[in-house]
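Chemist: what would the 3D arrangement of this be:
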Amino acid sequence: MKTVISMGEVDVLEGLDVLEKEIATKSHIRKEKQRSASRLKVLREKCESLRKRKEHLEEKLQSELVMDSEEGIIETVTSVWKSRLDECLKIYRLTGISASSLDETSMLVRFDTSFEGQFHEPYFLELVKTHRMMIRQHTIPAFVPVQWLVERYFPDSLQAFLRLISDHLVAFVRRREDLKRAQELLQIRGYIIGEISYTLAVDVVQFHTERDTLAGPALDVVLRFNDLLHLTPSSASIKAIGEPAEPLEQIEDWQKLLMSGPPSETLHFLCPEREEESADQSEISMSDSESSAHLSQNTVSDW
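Modeler: Numbers count the residues shown, from 1 in each chain. The predicted structure is shown next:
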């Protein structure tokens, strides 16, 4: 017996679906506010620490330093303030997002990116407010879904909007730098042919191995990152070059391995260091000059 759903019931179901989406959005916004409040608290504590240090330096400047000329005083004060500003800049950069006013109606937002304690390229977004908040211009890459984030969060949830932009940029830089590390590993161990190739967003990665891996023959490897906020591939495809007569049973296991973590970690197991290479490395390390020559031949060139 078929169940007949009336138009009223359809409207109720659609209303429930809309309500569920609104609840999910509000829950995400609430979590973002909590994260922002926590970061703000840490930032305020560090700023308070800097303020106390500034007061200490000013007292020390007044009580201990004796200047012979006006030029010496200016130089010392400038040095003190430069040191303080440098520390403030480092603190702001650690948050990943900082902002400065350009004039009464516009503000420049800076997104800093990093990988394992090393800062990389920043990105910028200019906001202008007349009768409403607008984005005037930005340097954010095209693969970051800025328009989708604008429609979903801007300008009502500005903090969530900026945080998600930052998360996309940081994830992009970390995927790229992790692949550089993976390429260096594969080249040093003699497994890779040429360079690892990848898309602008580093969401599709491909490379070929030259020497046999644990899976057997040389391989053609393709990694895909469907979620641009993650460092771990969403899918992995491995194909034996030359197509052996029988399918390799290990291939499925290695595909699962490559989907279990960042490439620099998983490829370490797929392409292990060979015994003869270890012996060569030990022999080479006996001489500084020979070690330098070995590294110059095997490390990755600048991308």
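
Chemist: please count neighbours and contacts with C-alpha atoms only from this point.
Modeler: OK.

Chemist: look up how far residue 146 lies from the closest residue to residue 157 other than its chain neighbours.
Modeler: Nearest non-adjacent residue to residue 157, counting by Cα to Cα, 6 or more residues apart in numbering: residue 29, 7.2 Å away. Distance, residue 29 to residue 146, using Cα to Cα, to the nearest Å: 17 Å.

Chemist: what does residue 260 give?
Modeler: Residue 260 sits 29 Å away from residue 146, going by Cα to Cα.

Chemist: just to revisit the earlier point, list phi and psi for the residue nearest to residue 157.
Modeler: Main-chain dihedrals, residue 29, degrees, to the nearest 10: phi -60, psi -40.

Chemist: coming back round to it: comparing residue 260 and residue 146, which shows the higher neighbour count?
Modeler: A count of neighbours by other Cα atoms under 10 Å puts residue 146 above the other of residue 260 and residue 146, at 18 against 15.

Chemist: please, which helix or strand holds the nearest residue to that one once chain neighbours are set aside?
Modeler: Spatial nearest neighbour of residue 146, chain neighbours left out: residue 165 (7.3 Å); criterion: Cα to Cα, 6+ apart. Secondary-structure assignment from DSSP states H and E places residue 165 in helix 158-188.

Chemist: chain center to that helix, what's the gap?
Modeler: 3 Å (Cα atoms, centre = their mean, to the nearest Å).

Chemist: tell me the helices and strands packed up against it.
Modeler: Judged by 3 or more Cα pairs under 8 Å, 6 or more residues apart in numbering; DSSP states H and E, the packing partners of helix 158-188 are helix 7-64, strand 97-101, strand 114-115, helix 146-153, strand 192-198, helix 263-270, helix 288-298.

Chemist: can I get those in TSV with mean pLDDT and distance to residue 160?
Modeler: As requested, the helices and strands packed on helix 158-188 are exported to TSV (pLDDT from 0 to 100; distance: least, Cα to Cα, whole Å):
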stretch	mean pLDDT	distance to residue 160
helix 7-64	76	6
strand 97-101	86	12
strand 114-115	90	20
helix 146-153	94	7
strand 192-198	81	29
helix 263-270	84	29
helix 288-298	34	44
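
Chemist: mind saving the C-alpha coords of stretch 170-177 as CSV?
Modeler: Extracted C-alpha coordinates of stretch 170-177, given in CSV (Å, rounded to 0.1, in the frame of the first residue of the first chain):
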residue,chain,number,x,y,z
VAL,A,170,47.3,27.8,6.0
ALA,A,171,46.2,24.3,4.9
PHE,A,172,47.2,25.2,1.3
VAL,A,173,50.7,26.2,2.4
ARG,A,174,51.1,23.2,4.6
ARG,A,175,50.1,20.8,1.8
ARG,A,176,52.6,22.5,-0.5
GLU,A,177,55.5,22.5,2.0
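
Chemist: looking at that stretch now, give me its mean pLDDT.
Modeler: Stretch 170-177 carries an average pLDDT of 96.

Chemist: from here on, count from 58
Modeler: Understood, numbering begins at 58; the last thing we discussed is stretch 227-234.

Chemist: what's in contact with that stretch?
Modeler: With contacts defined as Cα atoms under 8 Å, 6 or more residues apart in numbering, stretch 227-234 is touched by 169, 170, 171, 172, 177, 258, 259, 285, 286, 287, 288, 319.

Chemist: state the number of residues packed around the first one.
Modeler: In this case it means residue 169. Number of residues near residue 169 (other Cα under 10 Å) recorded here: 21.

Chemist: I'd like the distance between it and residue 195.
Modeler: Counting by Cα to Cα, the gap from residue 169 to residue 195 is 14 Å.

Chemist: what separation is there between the closest residue to residue 217 other than its chain neighbours and residue 115?
Modeler: Residue nearest to residue 217 in three dimensions, not counting chain neighbours: residue 89, with 5.7 Å by Cα to Cα, 6+ apart. Distance from residue 89 to residue 115, counting by Cα to Cα: 38 Å.
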